[in-house]
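1. can't give you the sequence, but here's the structure:
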């Protein structure tokens with residue numbers, strides 16, 4: 001058991017503060033899967049924190065990401081002091097009272113023990129964790145380079161958005177599959193290839209949900225993931241989306257990508273249904289993001305505030321608890337897992353303002 005030194009925040013607490021729903025999934029994973037998935041998530045979250053921080057210039061962030069990527073290989077230079085310093089600056093800066101910001105800063109401050117945990121993984125798990133994190137870092141670097149201009153920059157076309165979702169999340173579906181085949185008793189290698197295809201589609205669908213949900217806040221960071229070519233068909237420029245009144249003419253475009261995201265989440269449920277019946281914990285952990293994603297899509301479709309950055313469209317606490325119970329109950333069978341597709345249509349409403357999941 002890893003006991004954090006005095007004054008540090010445990011990895012589990014960092015997970016809970018940065019992604020409560022994903023932390024729940026990790027906690028129920030089979031023991032062999034838990035450590036590599038947790039380490040991969042925390043390394044990816046550290047990289048994402050570096051990519052998104054405003055405490056360092058864009059070129060500096062790209063360099064730090066390269067060093068973090070190199071630290072996963074043999075004979076790499078030690079990037080930990082610079083990441084720890086960045087974490088200290090985050091804790092002393094504006095917004096440091098935000099629990100998520102504090103957790104991300106704490107993660108950077110504890111990067112050395114995290115890298116040590118990575119090096120203690122089995123060779124096969126270490127190779128898979130390194131491969132997925134390196135791929136994610138490359139995608140983040142490409143994002144920083146592409147969206148580094150002035151004003152709001154949009155991806156040029158649909159294929160660029162698909163490629164981005166593959167690089168930032170589709171690869172995670174493949175990573176999850178490789179680990180599951182290695183660690184889950186009863187999961188046949190003969191279906192690994194088809195599972196990996198569905199896992200990639202699932203990851204891309206989940207990332208599309210994030211993109212659609214975060215659209216108004218990304219726009220204010222100068223980032224528009226909606227393709228410029230599709231906006232042009234509607235007579236719109238990326239900067240036009242800062243005006244909430246364009247939400248109505250934007251509905252057909254958003255609807256296309258919502259349907260694509262929905263298909264990806266359904267692929268995730270098919271993926272889950274094909275996992276061994278005796279692997280309830282793996283089924284639950286695999287199905288939960290899809291169940292939450294389906295409910296999030298419903299909230300997005302029904303919200304009149306799609307382009308308002310002050311409105312956080314999220315699954316609330318009460319609804320999340322209901323989804324957890326439904327997913328736990330239905331994960332025991334393949335037919336039950338597929339019934340989760342209805343959650344996006346009939347999940348109960350929360351009372352009061354929604355809180356972030």
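-> Sure, I can see it. Computed from a prediction, not measured in an experiment: that's the story for all the values here.

2. every contact and neighbour count from this point should use C-alpha atoms.
-> Noted.

3. let me see the contact set for residue 88.
-> 105, 109 (CA atoms under 8 Å, 6 or more residues apart in numbering).

4. in the helix or strand hosting it, which residues are buried?
-> Using DSSP states H and E, residue 88 falls within helix 80-92. Within helix 80-92, the residues that count as buried by 16 or more other CA atoms under 10 Å are 80, 83, 84, 86, 87, 88, 90, 91.

5. between the residues you listed, which is closest to residue 233?
-> Using CA to CA, residue 90 is the member of those that lies nearest residue 233, at 41.5 Å.

6. quick one: the strands in the chain, in order.
-> Assigned by DSSP state E, the chain shows strands spanning 153-154, 223-224.

7. pick the most buried one from these.
-> strand 223-224 (a mean of 24; mean count of other CA atoms under 10 Å).

8. elements contacting it?
-> strand 153-154 (3 or more CA pairs under 8 Å, 6 or more residues apart in numbering; DSSP states H and E).

9. partner strands of the strand it packs on and their direction?
-> In the sheet, strand 153-154 lines up against strand 223-224 (parallel) (DSSP bridges).

10. which outside residues touch the strand it pairs with?
-> So strand 223-224 is contacted by 147, 152, 153, 154, 155, 215, 218, 238 (CA under 8 Å, 6+ apart).

11. and if we set it to 7 Å?
-> 147, 152, 153, 154, 155, 218, 238 (CA atoms under 7 Å, 6 or more residues apart in numbering).

12. what residue in this structure is the furthest from its centre?
-> residue 235 (31.4 Å; CA atoms, centre = their mean).

13. that one and residue 241, how far apart?
-> Going from residue 235 to residue 241 by CA to CA, to the nearest Å gives 11 Å.

14. equivalent analysis for residue 23, please.
-> 33 Å.

15. just residue 198 next, same as before
-> The gap separating residue 198 from residue 241 is 33 Å, by CA to CA.

16. of these two, who's got more company?
-> Per other CA atoms under 10 Å, whichever of residue 198 and residue 241 has more neighbours is residue 198, with 25 against 21.

17. which residues touch that one?
-> For residue 198, the contacting residues are 267, 268, 271, by CA under 7 Å, 6+ apart.

18. now do the same contact list for the last one.
-> Remark: with contacts taken as CA under 7 Å, 6+ apart, residue 271 is in contact with 195, 198, 199.

19. what about the first one, how many neighbours?
-> The one in question is residue 195. Using other CA under 10 Å: residue 195 sits among 25 other residues.

20. and the residue lying closest to it once chain neighbours are set aside, how far is that from residue 199?
-> Nearest non-adjacent residue to residue 195, counting by CA to CA, 6 or more residues apart in numbering: residue 271, 6.2 Å away. From residue 271 across to residue 199, the span is 7 Å (CA to CA).

21. how about low-confidence regions in the protein?
-> In the predicted model, the chain carries pLDDT under 70 at residues 1-10, 20-21, 74-77, 91-96, 343-357.

22. mind splitting it into its structural domains?
-> Under the assignment automatic domain parsing, the domains of the chain span 6-122, 147-357.

23. any idea how far the shortest one is from the chain center?
-> To tie it back to what came earlier, the one meant is domain 6-122. Offset of domain 6-122 from its chain centre (CA atoms, centre = their mean, to the nearest Å): 14 Å.

24. ok, the longest one next?
-> Counting by CA atoms, centre = their mean, domain 147-357 is centred 9 Å from the centre of its parent chain.

25. with distance to residue 286 added, can I get the contacts of residue 198 in JSON lines?
-> Listed next are those as JSON lines, based on distance: CA to CA, whole Å:
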{"residue": "267", "distance to residue 286": "11"}
{"residue": "268", "distance to residue 286": "8"}
{"residue": "271", "distance to residue 286": "8"}
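
26. still on that earlier bit, need the domains of the chain in CSV with distance to residue 138, can you?
-> Formatted as CSV, the domains of the chain follow (distance: least, CA to CA, whole Å):
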stretch, distance to residue 138
domain 6-122, 8
domain 147-357, 8
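
27. so which of the ones you listed is nearest residue 128?
-> Among those, domain 147-357 sits nearest to residue 128 (CA to CA), with 6.7 Å.

28. sorry, back to before: of all the domains of the chain, which one is nearest residue 132?
-> domain 147-357 (6.6 Å).

29. residues contacting residue 15?
-> By CA under 7 Å, 6+ apart, the neighbours of residue 15 are residue 23.

30. hmm, back to that, mind putting the strands of the chain into a markdown table with distance to residue 301?
-> Formatted as a markdown table, the strands of the chain follow (distance: least, CA to CA, whole Å):
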| stretch | distance to residue 301 |
| --- | --- |
| strand 153-154 | 22 |
| strand 223-224 | 19 |
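
31. compare these and give me the one nearest residue 112.
-> So among these, strand 223-224 is nearest, using CA to CA, at 31.6 Å.

32. which residue, other than its chain neighbours, is closest to residue 68?
-> That would be residue 79: by CA to CA, 6+ apart, it lies 6.2 Å from residue 68.

33. any idea how far residue 339 is from the one you found?
-> In terms of CA to CA, residue 79 sits 46 Å off from residue 339.

34. looking at the two, which has the bigger crowd around it?
-> Set residue 79 next to residue 339 and count neighbours by other CA under 10 Å: residue 79 wins out with 18 against 15.
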